[in-house]
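**Student:** after the sequence you'll find the predicted model.
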Amino acid sequence: MPIDPSALRRPSRRRLLLLLTAVLLSTAALVGATLTASATGQDRATAQASAAHTPASQAPACVDPEKPLSAGYDAATKHDTAFNKNFRHCFTTVDGVQMHYVIGGHGPQATALLHGWPESWYEFRGIMPSLLPGRTVIAVDLPGLGDSTGNPPSYTKQTLATYTHLLLDKIGYRQDVRFIAHDFGVGVAYALAAQYRQQAAGLFLMDFPLVGKNLKFSDIQPLEWHFSFNLQQPLAEDLVTGRVKTFLTYFYPTQSHTPRPVPDNEIAEYTRVYSRPQVLHAGFELYRTWTQDQADNTRLQATPLTIPVRLLTQDGFAPLLLSAVRDGAPAATGTDIPGAGHWLLSEVPQRVLSEVNAFYPAH
């Protein structure tokens, strides 16, 4: 059959379809690659911009870091640029309890902060940046409290002191640590210094009745309603569970001369941590071991502390509380702050800071 030469120059319909499909696929691939490159560039630019606005922490690295067991541990600090520049959250396990601490600074003077009830490490947040020059600052959530997770075998202050001692030892602060403590943190700091004398270089204590040789729990129990309320188990837990914010908002003013001694942002953070069932229970347990603390302290006070000790109290409480501290540290000094209530770090932070700097001069 003769073949028309012009047919050789005319592509068949099938070939045209194949050519058109190839062109369309090539174009789509080119457009897709362009869009992907653009998106990748935008993502990279966004990440770079974010990094520029969120400086890397200058704090020491965590030792033996672990994934936090406490959800929301950084709720109060996640968007706090200044905090995240100078401090970091760390978690590590000590004898079955995951301990949470916040660390910042690289100064030679190791300074450990021990909180009271119903608070957490966060009570020191306001003064921590000012403590950094010349210091390494370690704010600890006591075992079972704050964002620490797990239950120690007892909530005696001697037991909690051992956990705190082991934590500091584990992260490299084995001696000459300066302690700053408030409320039940005072009981822990004293028990630590009395048991592990090489680790403590000084105690700066705030507003706490240190029961022992002369001051008895039976002497102080009638002084405050919550001393008896918190002893009631499980009544205290049952009544406060689900009402933590209501309880705390009522409680803080009862220990102050002002109607709003603790600011709302702190109340929000303490509501978060004490809404954790184990933390609410642990907080009440601090009171339920006070009689045993009395016996433990009486024994420890037989060997007086020789390190510097300073006590700061709310208005009018220095004579009673300082006398009790001197049972274990005869050379301790102290004063009260006119007009101040129990929440010294929230009510008079600058006075606290000036007292700390006078007692622990940073070089």
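**Tutor:** Sure thing, it's come through. Residues are numbered from 1 along each chain as shown.
**Student:** against K245, how distant is the closest residue to L166 other than its chain neighbours?
**Tutor:** Counting by C-beta to C-beta, 6 or more residues apart in numbering, V94 is the residue found nearest to L166 once chain neighbours are left out, at 4.8 Å. C-beta: built from backbone N, CA, C; applies to glycine. Per C-beta to C-beta, to the nearest Å, V94 is found 30 Å from K245.
**Student:** out of those two, which sits in the busier spot?
**Tutor:** Neighbours per residue (other C-beta atoms under 10 Å) separate V94 from K245, with V94 holding more: 21 against 15.
**Student:** next one: phi and psi at that one?
**Tutor:** phi -120, psi 110 (degrees, to the nearest 10).
**Student:** partner residues bridging it?
**Tutor:** V97 (DSSP bridges).
**Student:** setting the sequence-adjacent residues aside, check what's closest to the most centrally placed residue in the chain.
**Tutor:** Nearest to the geometric centre of the chain sits W121, at 3.3 Å (C-alpha atoms, centre = their mean). Take W121 and drop its neighbours on the chain: the residue closest to it by C-beta to C-beta, 6+ apart is A139, 3.9 Å away.
**Student:** before we move on, which element is the one you found in?
**Tutor:** strand 135-140 (DSSP states H and E).
**Student:** helices and strands around that strand, which ones?
**Tutor:** Using 3 or more C-beta pairs under 8 Å, 6 or more residues apart in numbering; DSSP states H and E, the elements in contact with strand 135-140 are strand 97-104, strand 109-114, helix 128-131, helix 157-170.
**Student:** pull up the pairing partners for the next helix or strand after the last one, direction included.
**Tutor:** In this case it means helix 157-170. Going down the chain from helix 157-170, the next helix or strand is strand 177-182, by DSSP H and E. Strand pairing for strand 177-182, determined by DSSP bridges: strand 109-114 (parallel), strand 200-206 (parallel).
**Student:** before we move on, back to that, quick one: residues contacting the residue nearest to L166.
**Tutor:** V94 makes contact with P143, Y163, L166, L167, K170, according to C-beta atoms under 8 Å, 6 or more residues apart in numbering.
**Student:** 6 Å - rerun?
**Tutor:** V94 sits next to Y163, L166, L167 when contact means C-beta atoms under 6 Å, 6 or more residues apart in numbering.
**Student:** which single one of those is nearest to L235?
**Tutor:** Closest approach to L235 among the contacts of V94 (C-beta to C-beta): Y163, at 27.5 Å.
**Student:** for the closest one, give me its contacts.
**Tutor:** Counting by C-beta under 6 Å, 6+ apart, Y163 makes contact with V94, P143, P152.
**Student:** out of those, which comes closest to E355?
**Tutor:** Nearest member of these to E355, counting by C-beta to C-beta, is P143, at 27.6 Å.
**Student:** the closest one and H89: what is the separation?
**Tutor:** Between P143 and H89 the computed distance is 17 Å (C-beta to C-beta).
**Student:** how deep is G339 tucked in, by neighbour count?
**Tutor:** G339 has 12 neighbours, counted by other C-beta under 10 Å.
**Student:** likewise for G341?
**Tutor:** G341: 21 surrounding residues under other C-beta under 10 Å.
**Student:** dump the helices and strands packed on strand 135-140 to TSV, plus mean pLDDT and distance to A189.
**Tutor:** Conversion of the helices and strands packed on strand 135-140 to TSV gives the following (pLDDT from 0 to 100; distance: least, C-beta to C-beta, whole Å):
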stretch	mean pLDDT	distance to A189
strand 97-104	98	15
strand 109-114	98	5
helix 128-131	98	16
helix 157-170	98	8
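**Student:** could you list the residues in contact with stretch 191-204?
**Tutor:** Residues outside stretch 191-204 that contact it (C-beta under 6 Å, 6+ apart) are 157-158, 161, 164-165, 175-180, 189, 300, 305, 307-310, 356, 359.
**Student:** buried ones in that stretch?
**Tutor:** For stretch 191-204, a neighbour-count test (16 or more other C-beta atoms under 10 Å) marks A191, L192, A193, A194, Y196, Q199, A200, A201, G202, L203, F204 as buried.
**Student:** relative to the whole chain's centre, how far out is that stretch?
**Tutor:** Averaging C-alpha positions (C-alpha atoms, centre = their mean, to the nearest Å) puts stretch 191-204 21 Å from its chain's average.
**Student:** just give the closest residue to Y173, not the sequence neighbours.
**Tutor:** A110 is the one closest to Y173 (C-beta to C-beta, 6+ apart), at 4.6 Å.
**Student:** pretty sure the one you found contacts T136?
**Tutor:** Yes: the criterion here is C-beta atoms under 6 Å, and A110 meets it with T136 at 5.1 Å.
**Student:** any idea how far A295 is from the residue nearest to W121?
**Tutor:** Going from A139 to A295 by C-beta to C-beta gives 29 Å.
**Student:** so which of the two has more stuff around it?
**Tutor:** Set A139 next to A295 and count neighbours by other C-beta under 10 Å: A139 wins out with 26 against 14.
**Student:** residues in contact with the more buried one?
**Tutor:** A139 sits next to V102, L113, W121, F124 when contact means C-beta under 6 Å, 6+ apart.
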